[in-house]
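Engineer: Next one to model:
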Amino acid sequence: MFEEKGHKKLIMLSILPVFIILGIDIFSMILQGQPKALSHLNVAVLTAQWICLLVFIKGEICNGQRARLININLYFLIYWTVWLILSVFSNYHYILTDIVSLCGIATIIAIWQQPTDPQMRKSILVIGVLLAGLATITSLFIFIELPIFYGIYYNVFAQILTGIILANLMLVISKNRLQGFISLLSIAIIIGLLVNAVFILGMLGYAYINNFNFINEFAWVVYFLFHLMIACIVGMHIFKGIRLEYLTLIILLFISANLPIWGIFSSIK
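Structural biologist: Numbering: from 1, shown residues only. As a prediction, this is how the structure comes out:
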């Protein structure tokens, strides 16, 4: 009975981040009113998959940790499948989104089908790396086609920040013992915040020079307040030497995943 309760709890803990990312992503697309199925957070999910692949290939983890992390990765099939269906079977069809979604699904399958033999496992995971690489390159092609100001809405740096938080969350759920690596992820979050803030300030400066006016400037106040909140929470944990726990990471994930929405709000009355 206790094992069954523990299994159900693990499923709930694993699936909640997927629904948070997916719900915010679809809402962002509808809010912006794009004619194509363009995700605002697919790079975030790919970043988390990249980090997990790094852990699988280079991390010294036991079979239990490996199995739990594999199972958590499987839940992201929901994310990629929904986006594939949304693109193929709707008026939002976009071939590049199809390719990214299929590569995301294939990467998860490669992670799932890891054999026990170390050499074969490495070969399968390298295939996963190549598939994730193709998905990432395709995503960049999508952003290149967009107008320059859309870099605010589909901000790659904000997505990478969300991906780092998501990967940290996945490692915590899987009870991973790579404490040094997990500590580096906390530092990476702070660096990601700084890079994203500099990028957005640069974009706002470019907009000002080109006389591009944002309808709702208050949205940018909220945007940078979110940066400050994340920095304070993560900075406090780093200063005290405390590991970020599940609930804290869920809050951080929700805040960072909402950054594209506030970028969109800046252009809405």
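
Engineer: which parts of the helix or strand where Val198 lies are buried?
Structural biologist: Element membership for Val198 (DSSP states H and E) is helix 179-209. Using 16 or more other C-beta atoms under 10 Å as the test for burial, helix 179-209 gives 181-182, 185-186, 188-189, 192-193, 196-197, 199-200, 203-204, 207. For every residue, glycine as well, the C-beta is placed using N, CA and C.

Engineer: Report the distance from that helix to the chain centre.
Structural biologist: 14 Å (C-alpha atoms, centre = their mean, to the nearest Å).

Engineer: Give me the helices and strands touching it, please.
Structural biologist: With contacts taken as 3 or more C-beta pairs under 8 Å, 6 or more residues apart in numbering; DSSP states H and E, helix 179-209 sits against helix 156-173, helix 218-240.

Engineer: Tell me which of the ones you listed lies nearest to Trp80.
Structural biologist: helix 156-173 (14.0 Å; C-beta to C-beta).

Engineer: List the contacts of Thr162.
Structural biologist: Ile21, Leu41, Ala44, Thr47, Leu253, Ser256, Ala257, Leu259 (C-beta atoms under 8 Å, 6 or more residues apart in numbering).

Engineer: Point me to the residue sitting closest to the centre of the chain.
Structural biologist: Ala44 (2.3 Å; C-alpha atoms, centre = their mean).

Engineer: tell me which element it is part of?
Structural biologist: Assigned by DSSP H and E, Ala44 falls in helix 42-58.

Engineer: Tell me the helices and strands packed up against that helix.
Structural biologist: For helix 42-58, the packing partners by 3+ C-beta pairs under 8 Å, 6+ apart come out as helix 2-32, helix 63-74, helix 76-88, helix 95-112, helix 118-145, helix 156-173.

Engineer: What is the most widely separated pair among the contacts of Thr162?
Structural biologist: So, those by C-beta to C-beta: farthest apart are Thr47 and Leu259, at 14.2 Å.

Engineer: Which one's more surrounded, the two?
Structural biologist: Counted by other C-beta atoms under 10 Å, Thr47 and Leu259 do not tie: Leu259 has more neighbours, with 27 against 24.

Engineer: just checking, the more buried one touches Val156?
Structural biologist: No. In this structure Leu259 lies outside contact range of Val156 using C-beta atoms under 8 Å: 11.8 Å.

Engineer: Show the contacting residues for Gly192.
Structural biologist: Counted by C-beta under 8 Å, 6+ apart, Gly192 has contacts Phe157, Ile160, Leu161, Ile164.

Engineer: for Pro35, phi and psi?
Structural biologist: phi -80, psi -10 (degrees, to the nearest 10).

Engineer: Offset the numbering so it begins at 769, please.
Structural biologist: OK, 769 is where the count begins now, so the last one is Pro803.

Engineer: Go ahead and confirm it touches Tyr860.
Structural biologist: Yes. Contact criterion C-beta under 8 Å: Pro803 and Tyr860 qualify, at 7.0 Å.

Engineer: Any buried residues in the helix or strand bottoming out on mean pLDDT in the chain, and which?
Structural biologist: Least confident element among the helices and strands of the chain, by mean pLDDT, DSSP states H and E: helix 770-800 (a mean of 84). Buried residues in helix 770-800, defined by neighbour count with 16+ other C-beta under 10 Å: 778, 781-782, 784-786, 788-790, 792-794, 796-797, 800.

Engineer: how far away is the nearest residue in space to Ile825 that is not next to it in sequence from Pro886?
Structural biologist: With sequence-adjacent residues excluded and distances taken as C-beta to C-beta, 6 or more residues apart in numbering, Ile825 is closest to Leu893, at 5.2 Å. Applying C-beta to C-beta, to the nearest Å, the value for Leu893 to Pro886 is 10 Å.

Engineer: Show me which of these two is the more surrounded one.
Structural biologist: Shown here are Leu893 and Pro886; by other C-beta under 10 Å, Leu893 has more neighbours (20 against 8).

Engineer: residues touching that one, list them.
Structural biologist: Leu893 makes contacts with Leu821, Phe824, Ile825, Ala878, Ile879, Gln882, as judged by C-beta under 8 Å, 6+ apart.
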